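*Asks:* Give the three-dimensional model of this entry:
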Amino acid sequence: MRERYDEIRQRGAEVVAVGTGDARYAAAFVDDEDVPFPVLVDDGGDAAQVASLRRARPWSLFDPRSFGGARRAHRAGYRIHRSGKRVTQLGATFVVGPGDTVRYEHLDAHTADHAPLDKVLAALPG
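*Replies:* Numbers count the residues shown, from 1 in each chain. Here you go, the predicted model:
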């Protein structure tokens, strides 16, 4: 989303990332990865619980899809940083609003699963 952030903003939307690390970790992540959007901390897991996010089983971290995703991310220049307390917490992508309307939802099925950016952009207004 970082690569398409300007386009997302031009369409009247904002990207907000919610991470599992502490505030110091989040600040380092934003700096190291040049993240242009807000990053919030959910170290206690409250937001993940409210959003009904799944957790990976510890052995699933060895799933070939996870390794393939990690390899692709590394080749693209992304680096894994120190993890938060909930290393098995899977992510999600939501497009919300205006108001409390959920326009798009993608709950990650495994650690390398992420919302297709085309679908996220298609859910945006304008």
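*Asks:* From here on, just use CA atoms for contacts and neighbour counts.
*Replies:* Fine.
*Asks:* What is the burial count for residue 106?
*Replies:* A count of nearby residues for residue 106, using other C-alpha atoms under 10 Å, gives 17.
*Asks:* so where do the strands sit in this structure?
*Replies:* 17-19, 39-41, 92-96, 102-107 (DSSP state E).
*Asks:* Count the neighbours of residue 124 for me.
*Replies:* The tally of other residues near residue 124 (other C-alpha under 10 Å) stands at 17.
*Asks:* so it touches residue 14, yeah?
*Replies:* No - assessed by C-alpha atoms under 8 Å, residue 124 is found out of contact with residue 14, at 10.1 Å.
*Asks:* which residues are in contact with both of those two?
*Replies:* residue 8 (C-alpha atoms under 8 Å, 6 or more residues apart in numbering).
*Asks:* so which of the strands of the chain gets nearest residue 86?
*Replies:* Minimum separation from residue 86 across the strands of the chain (C-alpha to C-alpha) falls at strand 17-19, 9.7 Å.
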